[in-house]
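1. Please find the sequence and the predicted model below.
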Amino acid sequence: MNNSFFTRKYIIQGIFLTTAILIVIRLFYIQIIDDSYILSANNNVLRKVIVYPARGAILDRNGEILVQNEPIYDLLVTPREAKDIDTLLLCELIGIDKKGYIQRIEKAKAHSPYRASQFEKQLSSTTYARLQEHLYKFRGFYVQNRTVRSYPDSIAAQFLGYIQEVNQRDIERSEGFYRPGDYIGATGVERAYEDLLRGKRGIRNQMVDALNRPQGSFMDGKYDTLAVTGDGMVSSLDKDLQILAERLMKNKLGSVVAIEPSTGEILTMVSSPTYDPNLMVGRDLGNNYMDLLNNENKPMFIRPIQASYPPGSIFKVVAALTAQQAGMIDAQTRFTCSGGYRYGGGRGLMRCTGVHGTIDLARSIQVSCNPYYANVFARMIDSRGMSGPQAYDLWREALMKFGLGNTLGIDLPGEKPGLVPTSNYYTKIYGSSKWRSSFNISLSIGQGELGITPLQMANITAIVANRGFYYRPHLIKGIGDKQIVKPEFTEKISAGVDAKYYEPVIEGMSRVVNQGGSGRAVAIPGIEMCGKTGTVQNPHGENHAVFFAFAPRENPKIAIAVFVENAGYGGTWAAPIASMLVEKYIRDTISLPKYLQDRIYNGDLRPKPKKPVAPANTALNKPVDSKKQKPEQAALLVHHSQRPRRS
Amino acid sequence: MNSLHKKSFFGQIDWWTICLWFMLCMIGWFNIHAAVYDPDQASLFNLNTNYGKQSIFIGTALIIGFSILIIEANFFISSAPFVYFIVTLLLIAVLVVGRNVGGNQAWIPLGSFRLQPSEFGKLATCLLLAFYLSNQITKNPNLKTLFFGSLIVLFPVMLVMLQPDTGSALAFFALIFVFYREGYVGTQVLVIGGLAIILFLLALLFNQWILIGVLAAIAGLFMYLLRRKRKNLINIAILFLASSTYILCVDFAYDNILQTHQRNRIDIILGKIDDPRGQGYNLNQSMIAIGSGQLFGKGYLQGTQTKYNFVPEQSTDFIFCTVGEEWGFVGCVVLISVYIALLMRLVHIAERQRSAFGRIYGYGVVSIIFFHFFINIGMTIGIVPVIGIPLPFISYGGSSLWSFTILLFILLKFDSSRKGLSNM
C-alpha cells in the first residue's frame, strides 16, 4: 500500500471547508448585511399603479346632471418590452398609421425605455373593447383606465369649464402633486374648485412577473391606498332654464345672467356664442380648442364676466338710487324735459327720446328721460359744496358699493372688474381739476367711459330686487356630501342705499314693463316684472341691446340681465328674452306669442363676415374691454351719445 | 489478488451517506416544486411539470442506487475500461445526432427524455482513472503515470469542449484533487494554481504594470525578511519573474483566446461590466433572489423572484436561488452544511478503503461533487463567473441526478464490501 500521502486529506478537507465558509460569508453579506436586494426584488415585482379617482360630478340646482364622468382608456407602452409587435394590427385597432406608431414609440423611448408612458390617450370604450381582445399579442402594451368629463346636455360650457393635461407650469406650481399625464381643471368651475373636484389618488401595489404581466396584488393589498372620489358639486344653475337661455341666445352675441336675489345663486348664465363642452374632451381637444380660439366670435371669451360695456339707460336706476341716498333728489324731485339738455353754457346738447315735460323720479325711469338724469348728475357733481372731482369721487364710491368697477368675487377664474374711472382720470384728460358735470355728462345716462360686465348688471337688478343688498353671485351652492356653501357666498353685502329709496325706482321699473314703458311688449300676465331697457351706443356697428329685470315685484325670485350685442334697440331683443326666461323660471311656461318666440329663436344677429379689406383684428362686435379702452374711444362715445335715443 | 468474502452487505452500507443523499434529493424536489409552482396545477405529482418528473427521477435513482449495491464490486472495476469506451462513443455520438439546446449539442433524445452523455463522462473517467492509477500503485508517482492519467481525463474534456459545454468540461479538472491525493502533484501545484487564479483576476482588474510593481514590492519585502537563506531569495526572485510574465500573458490570452460571452461573464464578476439587464441579467436577478431572502427567507412558495420567473433556469442551474429566496440565510447554511457533511463523509469513506481503486475512485467522486457544489452556488452569488453546471442531487434533470447517484452508489458499494477487497 502506497498511502504515504494520506495527510493530504486534511488539506483537501481544509479547502472544502474554506470554500464553504467563503460561500457562507458571501451569503451573510448579500442576505443579511446588504439591504439593496430586497428593494430590488420589490422593484422587480412591484408596480405602483396609480388609481385615478373619479372627479366630482356637478349637478344643477335640482339634482340634474351637468357634468359626469365617462370611462376612457389610455394605452401605455414600455418601449423596452415592446418587441415583435404586429404593428399593422395595432395601428388598425386604434386608428393610427405606421408613421404615427413609430413617432409614438420614439416619444415613449425618449421619455424612458424602461418605464411605461402614454402611447395613445383616451381610447373610447368601443375602441378599447376591440383592442382588449388582441392586447395579449402586444407585449409591453397595457391599458390604464380613467374617467373623462361628459356633459349630457352640452350646456354652460364656459362656466363649467374643462379639464386638460397638466403642463410643465402646473406641475411646478403644484410642487410635485401633479405628474405628466394628469388632468387639471383649466377653466370655469373645474379650475375654481380643482382642489376639491380632483379627489385623492390611490396607489395599488401590483405584482408583475418577469414579462411585466400582472400577477395579483402585493401582500393582499396591505399597502394599497384607495382613490377617493372628488367632492361632488351642486351648481346653482337651473338646467332647463340654462337650456332655454342658450337656445334663445343662439346665433346672437351677448350674455344672459340670472340671479336668485335672495341668495346670489346664479340660475342661468350664457355667454354667446357658446360651444359644446364635449368638444373639450378626448383626443380632439387640441384641435377643437384651436378652432374655438380662432373663431372670430370668440366663444372662449366669457362675456358675462369678462366683457364690459357702457351700461346705457339701465344705469339710470343706479343714478337714481345713489342720488337719493346722497340727498340730492327724492321721489318727488321733478325736472323738466323739453326734448334735450343743454350744458356747458349752451354749447352742448344731450337730446332725449321725446319731450317728457315735467316728470318725477318714477316717471323718469319709466320713460328713460335723458335730461332728467343729466340734471341729477349735475346736482351730484356741481351742487354738493365741493369741487367737481371730490363730488365725483363720492359718487364713484357709491357706485362701487353696487359692485361696479371691481370684481364681484364670483367662483369663476378670469372675472374682470369693469371700469368706473377715478376723478384723476378726468383731471388728467381735461388738464385741470376744475371740471364740472358738463365735462362728462354722458356718464349720467350710462355712457362714456363706464364699463360694466353683464354679471354686474344682473347684480344691480338683484340689489334692486332685494331693496339694498346682495350676496356675491356664485355658481356652486353646495360642495360635497354636506352641501357646504363657501362662507363668502353667505355674506350679505349692503349696496349703501337705504331700502326706502328703492320704491320709486321699482315703481318706475314696473311701469316700464307693465304700463307702457319701453318694455311693455314683454309684460307677463300675472307676474309683476320690473325691468329697464337700455341701448348701448356702439361706434363700430349696430347698437347693443340690454334689458334687466326682476320678478315678481314682491319677494323677487329672479333678477336677470340680458345683453345682446348689435341688436339695436333694447326692447326688441333683450327684453323678450328676459321675459321668456323669467316666466319660464317662475311659472315653467311661456305666454309670449308664438310668432314673437320664433322671431327670437330664429334671429341671427351675428355680425356679417368682414370685408377682405378690413384689418383682420377689428372685430366688429368686439366688446369694449375696459382696460383697453382708449381716451379717444371714450370721447367718441361721448360724442355719439348726444344723438337722440329712445331708451 | 482480490479475494471475495460473501457477506450480507446491508449492515456494511454507509447509511449516513444515503441519508445525506436522500436529504439533498428531497431539498431539490421541494425547491423545484417552488421554482415552477403554478397554483393552477398544484398537484405534487403532475407528470407534466418538472417536479412531477423529478419525483420519477428520484424514484428511478433509488432503484438504480440499490441495484448498484447488489452488483458485485469487482464488476465495476473490471468494466471500467468498457464503460469508458461506451461513454466515449456516446460523447462522439452526441456531436452527430445530438440535439442542440441553448447552443450546446449536449443531449441525445431518448423518447420523452433526453440523455446528457457528458454527465456520465465524469463517472466513466473516475472509474478508468481509478482503474489505471490503482494498477500503477506499486510504483512511486512518476511523470509517465501522471501523463497517461491526465490523458484519461483530457480526452473526454476535449469531446465535451466540442459540444461546446465549457461548464461540464471544467468539472473534469476537479480531478486534480485525485492526482494531488495520490502524490502525482505536490502542494506547491495547488498553491501555484490558486495563485494563478488570483493573479489572473487581479491582472484583469488592475493595470498590469501597477500589479507588477506591487508584486515587486512584496517580493522585496519577503527577500528582506528571509535574507538569511540564499535559497529563499532565489525562489522568491523566480516566483516574481514567473508571476510578472504570467500577468503579461493574461491580457493577451484573455483578449485572444476566450470567447466574448466568457469574457463578459468574467467581467461581470469583476464588476467591469455593469449591465444588469443585458449580460449581467442572470447574475443580477439571481443575487436579488438570494439577497432578498434575508435571514429566514420569504417562505415556501412565496419567493416573488422565483415565482414570477425573474430568475432564469431556476429549476436547473439556478435552483439555489429558490433556496436562498424562500429559506433565507438559515436555509442556505443548512444546505451548505449538508453538502459539507456529505463531502467530509465521502473523504472519510475514501480514506477507509483498503483498495487503492476504491480510494482513488472515492476522491474522484468527492472532487466532482465539490466542484459542482462550489461553482454552482458560487455563480449564483457572484463569486464565480456564470458556468452552466447543475447542483448535484438538487438541480432538476434525470441525467444529472442519475449520473451523480451512480457515481455515489458505486463508491458506497466499494465501501460496503471494502473488507472483501484486498489492498492492491
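-> Right, received. Where do you want to start?
2. Can you tell me which residues in the stretch 101-250 of chain B are near chain A?
-> B:137-138, B:140, B:177, B:180-183, B:187, B:190 (Cβ under 8 Å from any Cβ of the partner chain). Every residue, glycine included, has its C-beta placed from N, CA and C.
3. so residue A:475 makes contact with residue A:237?
-> Yes. Between residue A:475 and residue A:237 there is a contact under Cβ atoms under 8 Å: 6.7 Å.
4. list the residues that contact both of the two?
-> A:159, A:266, A:269 (Cβ atoms under 8 Å, 6 or more residues apart in numbering or on different chains).
5. Need these in JSON lines (columns: distance to chain B and secondary structure).
-> Below are the shared contacts of residue A:475 and residue A:237 laid out as JSON lines (distance: Cβ to the nearest Cβ, whole Å; DSSP: H, G, I helix; E, B strand; the rest coil):
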{"residue": "A:159", "distance to chain B": "50", "secondary structure": "helix"}
{"residue": "A:266", "distance to chain B": "56", "secondary structure": "strand"}
{"residue": "A:269", "distance to chain B": "56", "secondary structure": "strand"}
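6. Just the buried subset of the residues you listed, please.
-> A:159, A:266, A:269 (16 or more other Cβ atoms under 10 Å in any protein chain shown).
7. for the second one, what are its contacts?
-> Residue A:266 makes contacts with A:236-237, A:257-260, A:410, A:473-475, as judged by Cβ under 8 Å, 6+ apart.
8. What number of residues are in the vicinity of residue B:254?
-> Neighbouring residues of residue B:254 were enumerated by other Cβ atoms under 10 Å in any protein chain shown; the total is 16.
9. Could you pull up the residues touching it?
-> B:203-204, B:263, B:266 are the contacts of residue B:254 under Cβ under 8 Å, 6+ apart.
10. Let's see that with 10 Å instead.
-> Contacts for residue B:254 (Cβ atoms under 10 Å, 6 or more residues apart in numbering or on different chains) come out as B:200, B:203-204, B:262-263, B:266-267.
11. swap in residue B:251?
-> Counting by Cβ under 10 Å, 6+ apart, the residues that residue B:251 touches are B:203-204, B:208.
12. and the two most separated of the residues of the stretch 101-250 of chain B next to chain A?
-> B:138 and B:190 (25.5 Å; Cβ to Cβ).
13. what residue ranges in the chain score low on pLDDT?
-> No chain in the question, so chain A it is. Counting by pLDDT under 70, the low-confidence segments of chain A come to A:1-3, A:210-214, A:219, A:517, A:519, A:570, A:609-647.
14. Oops, wrong one, chain B.
-> Looking at chain B by pLDDT under 70, you get B:1-11, B:38-46, B:101-104, B:111-113, B:205, B:257, B:268-280, B:419-424.
15. Smallest distance to chain B belongs to which residue of chain A?
-> Here the residue of chain A nearest chain B is residue A:37; by Cβ to the nearest Cβ that distance is 2.5 Å.
16. now the strands for chain B?
-> B:99-101, B:104-110, B:113-115 (DSSP state E).
17. Just list the residues touching the nearest residue to residue A:410 once chain neighbours are set aside, thanks.
-> Distance criterion Cβ to Cβ, 6 or more residues apart in numbering or on different chains; nearest residue to residue A:410, sequence neighbours excluded, is residue A:473 at 5.2 Å. Contacts for residue A:473 (Cβ under 10 Å, 6+ apart) come out as A:236, A:257-260, A:263-266, A:269, A:304-305, A:403, A:408-412, A:415, A:455-456, A:458-459, A:462, A:489, A:559.
18. Try it again at 8 Å.
-> So residue A:473 contacts A:257, A:259, A:264-266, A:408, A:410, A:455, A:458-459, A:462 (Cβ under 8 Å, 6+ apart).
19. Where neighbours are concerned, which of those has the most?
-> Ranking these using other Cβ under 10 Å puts residue A:458 first, with 34 neighbours.
20. Give me the phi and psi angles of it.
-> phi -60, psi -40 (degrees, to the nearest 10).
21. Is it correct that it is in contact with residue A:549?
-> No. Contact status for residue A:458 versus residue A:549: not in contact, 9.9 Å apart, counting by Cβ under 8 Å.
22. intersection of neighbour lists for the two?
-> A:559-560.
23. Looking at chain B, what residue ends up closest to chain A?
-> Closest point on chain B to chain A, by Cβ to the nearest Cβ, is residue B:291, at 2.5 Å.
24. which residue packs closest to that residue, ignoring adjacent ones?
-> In space, residue B:291 is closest to residue A:37, 2.5 Å off (Cβ to Cβ, 6+ apart).
25. so how many other residues sit close to residue B:15?
-> 11.
26. list the buried ones in the helix or strand in which residue A:73 is found?
-> Residue A:73 belongs to strand A:65-77 when assigned by DSSP states H and E. In terms of neighbour count (16+ other Cβ under 10 Å), strand A:65-77 has its buried residues at A:66-67, A:69, A:72-77.
27. try stretch A:464-481
-> Those buried within stretch A:464-481 under the rule 16+ other Cβ under 10 Å are A:464-479.
28. Could you do stretch A:139-150 as well?
-> A:139-142, A:144, A:146-150.
29. Same list (those) but as CSV, adding distance to residue A:388.
-> Below are those laid out as CSV (distance: Cβ to Cβ, whole Å):
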residue, distance to residue A:388
A:139, 81
A:140, 77
A:141, 75
A:142, 74
A:144, 67
A:146, 62
A:147, 60
A:148, 58
A:149, 53
A:150, 57
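30. got the contact list for the nearest residue to residue B:90 once chain neighbours are set aside?
-> For residue B:90, ignoring the flanking residues on the chain, the nearest one in space by Cβ to Cβ, 6+ apart is residue B:117 at 3.8 Å. Listed by Cβ under 8 Å, 6+ apart, the contact set of residue B:117 reads B:87, B:90-91, B:93-94, B:106, B:108.
31. Scan those and report the most crowded one.
-> Top of the contacts of residue B:117 by neighbour count (other Cβ under 10 Å): residue B:106, with 27 neighbours.
32. quick one: it and residue B:165 touch, right?
-> Yes. At 5.1 Å, residue B:106 and residue B:165 qualify as touching, with contact defined as Cβ under 8 Å.
33. Let me see the contact set for the closest residue in space to residue A:339 that isn't next to it in sequence.
-> Closest residue to residue A:339 apart from its sequence neighbours, by Cβ to Cβ, 6+ apart: residue A:355 at 4.3 Å. Contact analysis of residue A:355 by Cβ under 8 Å, 6+ apart lists A:337-339.
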